[in-house]
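Asks: Build the 3D model from these lines:
(2 chains)
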Number of protein chains: 2
Amino acid sequence: MAGETSCVVLLSGGMDSATLLAKAKRENDKVTALTLNYAQRHKVEIKCAMQIAKHFKVSHKVLDVSNINSLLQGSALTSKDIEVPKGHYEDESMKLTVVPARNTILLSLALGWCITCGFNIVAYAAHAGDHAIYPDCRPAYIEAMQEVFDRAHYWPVKLWVPFMFMNKGDILKEGFKLKVPYEKTWTCYDPQEIVYTDRTEVVACGKCGSCTERLEGFNQNSIVDPIQYVVGSR
Amino acid sequence: MAGETSCVVLLSGGMDSATLLAKAKRENDKVTALTLNYAQRHKVEIKCAMQIAKHFKVSHKVLDVSNINSLLQGSALTSKDIEVPKGHYEDESMKLTVVPARNTILLSLALGWCITCGFNIVAYAAHAGDHAIYPDCRPAYIEAMQEVFDRAHYWPVKLWVPFMFMNKGDILKEGFKLKVPYEKTWTCYDPQEIVYTDRTEVVACGKCGSCTERLEGFNQNSIVDPIQYVVGSR
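Replies: As a prediction, the model looks like this:
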């Protein structure tokens, strides 16, 4: 339909992409979500992505591309033998969480899916807090990727990055208005198993850069984060 | 080692990338090949890629990413219900063989593998004959993809496309000098099974745009193509 906007949201299961899904749903005629399992250490986020898509009643494709993990080594998020660094999201040590070419791969797959669906927008939740450490979240990268989107195919696809200049606190502020169920989102890079006699629970570590940034965002909004953390970690 | 060049060659198993592998081996200090199985119709090319890498004594990673096939539909090369068009490589009908975002995905995966290996070049066998139909083989696309390579990560990777302004005939001319075993390469988009009483052989159709262009290249060099075609197709 002429003028209709249709959007593929790259949904990780984290709070940023969950907020993006809510925003995309409000601002577009058609929305679908895409989640990719690349054997990330924190793949608990995939279950969260499923719950979030269900919550927003959005069609959702979850694809196992875990085979690509062997191409993307040298990062704490994909290599089992590299520990997730503790500390602040902008610390130099957080570079260990950069996955080689990951976002370019995810965006390329989203582009393929977007063209296959006949949709015209790919939504990507990169935000200002990512800029210090993750080159593939910076405006200059996004501009180059838009050029690739423009030139890769006959079908025009816009790369939509509405949080590019917002921090986690700003995103949460918008998300509260959109009624995003943050209790269903997953942010931690280093999930911790808590073993009870009758069950095992996975909770956030509260110490990695990603948890630190999330907690700062909630503090900025004077709201208590509804998810479970390791006791004493925050 | 300072000044050392190390190269990941995207090897499909076709004649262009086989020639590129030979050229890369001659011109770089270290070379490795990468082949991706995306459940292409002509996946017989993967076996060819293995033989070619073996021939040139180059380490070779073959990765099954066939799950991504479901994201890349609407092309005769990935959708079983779309027939491969016959005719010339530059015919409008050949647009049916464009796979959404395929080359961007393959190049992104090669970028990840290149960074993981600590290598500094990704070699890509796009050539001038591709320009008419495949947007993701044109110089403007390659320029944009180089920008993405430059901005996606801390590690610098050059996208090397030495055949960008050469046609199939020119590539073959270079390949003959490099002693490329063209009898081991696969080009056809529409492999045909010939069933004998004691065995089944897969041969090239001789009619698709890809076969047509290959045969033109051999004609241009006044050399007979060593591979098997369907009888009477050429």
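Asks: Which parts of chain A are strands?
Replies: Using DSSP state E, the strands of chain A run over A:6-10, A:30-37, A:59-64, A:121-123, A:158-160, A:192-195, A:200-203.
Asks: Out of the ones you listed, flag the one nearest chain B.
Replies: Closest to chain B of these is strand A:59-64 (Cβ to the nearest Cβ; 5.7 Å). Using the backbone N, CA and C atoms, a C-beta is placed for each residue, glycine as well.
Asks: where does chain A have low pLDDT?
Replies: Chain A contains residues with pLDDT under 70 at A:1-2, A:233-234.
Asks: Tell me how many other residues crowd residue A:227.
Replies: 19 (other Cβ atoms under 10 Å in any protein chain shown).
Asks: Nearest spatial neighbour of residue A:131, chain-adjacent residues omitted?
Replies: residue A:138 (5.0 Å; Cβ to Cβ, 6 or more residues apart in numbering or on different chains).
Asks: Tell me who's in contact with the one you found.
Replies: Residues near residue A:138 by Cβ atoms under 8 Å, 6 or more residues apart in numbering or on different chains: A:126, A:130, A:131, B:151.
Asks: Kindly reformat those as CSV and extend each row with distance to residue B:37.
Replies: Shown next, in CSV, are the contacts of residue A:138 (distance: Cβ to Cβ, whole Å):
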residue, distance to residue B:37
A:126, 30
A:130, 32
A:131, 36
B:151, 29
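Asks: Just flag the most distant two among these.
Replies: Farthest pair in those (Cβ to Cβ) is A:130 and B:151. Separation: 13.5 Å.
Asks: Now do stretch A:164-174: everything it contacts.
Replies: A:15-16, A:19, A:23, A:126-129, A:139, A:142, A:163, A:182, A:213-214, A:216-221, A:223.
Asks: If we use 7 Å, what do you get?
Replies: A:16, A:19, A:23, A:126-129, A:139, A:142, A:163, A:213-214, A:216-218, A:220-221 (Cβ atoms under 7 Å, 6 or more residues apart in numbering or on different chains).
Asks: Name the residue most distant from the centre of chain A?
Replies: Ranking residues of chain A by C-alpha distance from their mean position (Cα atoms, centre = their mean) puts residue A:197 at the top, at 32.8 Å.
Asks: got the phi/psi numbers for that one?
Replies: phi -60, psi -30 (degrees, to the nearest 10).
Asks: pull the longest helix from chain A.
Replies: The single longest helix within chain A, with elements called by DSSP state H, is helix A:102-117.
Asks: contacting residues for residue A:67?
Replies: Counted by Cβ under 7 Å, 6+ apart, residue A:67 has contacts B:63, B:64, B:65.
Asks: returning to that earlier point: distance of the residue farthest from the centre of chain A relative to chain B?
Replies: 38 Å (Cβ to the nearest Cβ, to the nearest Å).
Asks: That residue and residue A:231, how far apart?
Replies: Using Cβ to Cβ, to the nearest Å, we find residue A:197 at a distance of 17 Å from residue A:231.
Asks: Please apply the same query to residue A:209.
Replies: From residue A:209 to residue A:231 the distance is 20 Å (Cβ to Cβ).
Asks: Which one's more surrounded, those two?
Replies: residue A:209 (24 against 9).
Asks: still on that earlier bit, which of the contacts of residue A:138 count as buried?
Replies: Buried by 16 or more other Cβ atoms under 10 Å in any protein chain shown: A:126, A:130, A:131, B:151, out of the contacts of residue A:138.
Asks: out of those residues, which one sits closest to residue A:96?
Replies: For the buried ones among the contacts of residue A:138, the nearest to residue A:96 is residue A:130 (15.0 Å; Cβ to Cβ).
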